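Turn this into a structure:
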Amino acid sequence: MEAMYRVHEFINAITDLDSLLEHITVESQIVAGAEASSIILYDGDRDDLYFHVALGESGDQERLKQEVRLKLGQGIAGATAESRTSINVKNAQEDARFFRSADDTSNFQTRSLLAVPMLDHDRLVGVLEVLNKIDGDHFTTLDMHVMEMFSGLAATAITNARLVEEKIKTERLAAIGQAVTGLSHYTKNIVSGLNNSAELIEMGLNQNNFEVLHRTWPVFKRSTKRITHFVQDMLSFSKPRKPYREQFHLPELLEEVVENYHDLFHRKKIDVTVDTASLSNSVYGEPVSLHRCILNLVSNAADAVSDSDGKIAIRAQDLDGRGVEITIDDNGPGIPPEIQARIFDPFFSTKGAKGTGLGLAITQKIIHEHDGELTLSQGPMGGASFCILLPSFQPKEEKALDE
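Predicted coordinates:
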């Protein structure tokens, strides 16, 4: 009974299936007073059995798991699986059903053997075996009843774990499919814009029509910038990295960001202000990647505000030696509370085919790589307010490297 309680605690506490099955196998071996024990799982695709857990003080258990597979009806385990009933063998060497290759492979000598089926709602999951009764000639009826209870617990644990794994796999495939679809549409839109611009530019060159060239060239430049940013986002998202930090002048970086979107701000009549008056110290970080972060946040703000009275306020200030705070506020509609928890998720986008869903995920990733924080709140102008907090000091491990 104590063993049963322990197994129930294992099922509630242990999330790793292999570890759980190993604990159940150990308890089975102890309670039955056996020299060795194993869990043999049923492979529905191949319609056979394989050793998933094999424990014992002697013998090559790893080789047994790697090399031995049983057909239904083959060996005592196979017969147990096929009949779905327990089999208690007093002398395995004299039993015609005994599969000697398992002993030969593992260098283990089986004397007595008890095999019970693992069933979940009449579905075969596998077989639980204990071998060589230590304090007796053979396993008892009580041993068989206890092993049948253990096998039921093991079958339920395996089935539940497989359902969870299948659900996770399905969710991952769905997420990948959604991400690929979004990225494909986004890329297609950019390439389509490039192709159309290229055709117009070619026509303007052939006809010496400079009016068409002047009108088309800004569109072409915007498309090339979009594809460049897209590739940079993919590279930034693909792997973790340590930023190459250096001292840099933050006001200049913010002015560069605003200059990047000068045409967009002019076209949408967006009023942009940059306030760095209370910023006295230079910032320690990687200017290229931080430029990308602020560019993403400003771009999102520009997309959010209206074409008639849009406003974006960028401010940077020192925080009494704790670091530097950069805020980007807009007067757009803001971000609904129900999606705020997801905006930093990779490939989550509210822009449809116009966005990749990578911008904010990458921005957060870069800020975290700088040991900083990125938060979202409602801004003073009623729209979204993104706040970046960067430490203004040099980390100890990097000081040591410089010294």
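
and the longest helix for the chain?
Across the chain, the longest stretch assigned as helix under DSSP state H is helix 141-206.

Against which helices or strands is it packed?
Packing contacts for helix 141-206, counted by 3 or more Cβ pairs under 8 Å, 6 or more residues apart in numbering; DSSP states H and E, involve helix 2-13, helix 17-32, strand 87-89, strand 113-120, strand 123-133, helix 210-238. Backbone N, C-alpha and C define where each C-beta goes, glycine included.

Quick one, which of those gets closest to F150.
Closest approach to F150 among the helices and strands packed on helix 141-206 (Cβ to Cβ): helix 17-32, 5.0 Å.

Show the average pLDDT along that closest one.
For helix 17-32, the mean pLDDT works out to 83.

cool, stretch 318-328 as well?
86.

ditto for stretch 117-130
The average pLDDT for stretch 117-130 rounds to 90.

Buried ones in it, by neighbour count?
117-120, 124-130 (16 or more other Cβ atoms under 10 Å).

Just flag the most distant two among those.
D120 and V130 (20.3 Å).

Tell me which residues are up against stretch 373-386.
Residues outside stretch 373-386 that contact it (Cβ atoms under 8 Å, 6 or more residues apart in numbering): 293, 297, 300-301, 304-305, 311, 313, 327-335, 340, 343-344, 363-364, 367-368, 387-389.

Can you give me the neighbour number for N206?
For N206, the count of nearby residues is 8 (other Cβ atoms under 10 Å).

May I have the predicted confidence score for it?
Predicted confidence (pLDDT) for N206: 89.

for D233, same thing?
Reading off the model, D233 has pLDDT 65.

Format the helices and strands packed on helix 141-206 as JSON lines; extra columns: distance to H249.
Shown next, in JSON lines, are these (distance: least, Cβ to Cβ, whole Å):
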{"stretch": "helix 2-13", "distance to H249": "54"}
{"stretch": "helix 17-32", "distance to H249": "53"}
{"stretch": "strand 87-89", "distance to H249": "80"}
{"stretch": "strand 113-120", "distance to H249": "66"}
{"stretch": "strand 123-133", "distance to H249": "65"}
{"stretch": "helix 210-238", "distance to H249": "22"}
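
Indicate which one of the ones you listed is closest to K167.
Using Cβ to Cβ, those put helix 17-32 closest to K167, at 14.2 Å.

Backbone dihedrals for A54, both of them.
phi -140, psi 120 (degrees, to the nearest 10).

Might you report the residue contacts of the residue nearest to L205 when sequence neighbours are not counted?
Leaving aside its sequence neighbours, L205 sits nearest to L213 (Cβ to Cβ, 6 or more residues apart in numbering; 7.2 Å). Neighbouring residues of L213 by Cβ under 8 Å, 6+ apart: 201, 204-205.

Now with 10 Å, please.
200-201, 203-205, 207, 220 (Cβ atoms under 10 Å, 6 or more residues apart in numbering).

Out of those residues, which end up buried?
Those of the contacts of L213 that meet the buried threshold are 200-201, 204, 220, by 16+ other Cβ under 10 Å.

among the residues you listed, which two are most distant?
Checked with Cβ to Cβ, those reach their widest spread between G204 and F220, with 11.1 Å between them.

just for the stretch 201-350 of the chain, where's the confidence low?
Low-confidence segments of the stretch 201-350 of the chain (pLDDT under 70): 226, 229-230, 232-239, 346-350.

wouldn't L21 be in contact with F51 here?
No: with contact defined as Cβ atoms under 10 Å, L21 does not count as touching F51 (11.4 Å).

Give the intersection of the neighbour lists for those two.
Contacts common to L21 and F51, judged by Cβ under 10 Å, 6+ apart, are 39, 41, 126.

Show me what the first one is bridged to.
To tie it back to what came earlier, the one meant is I39. V53, L128 (DSSP bridges).
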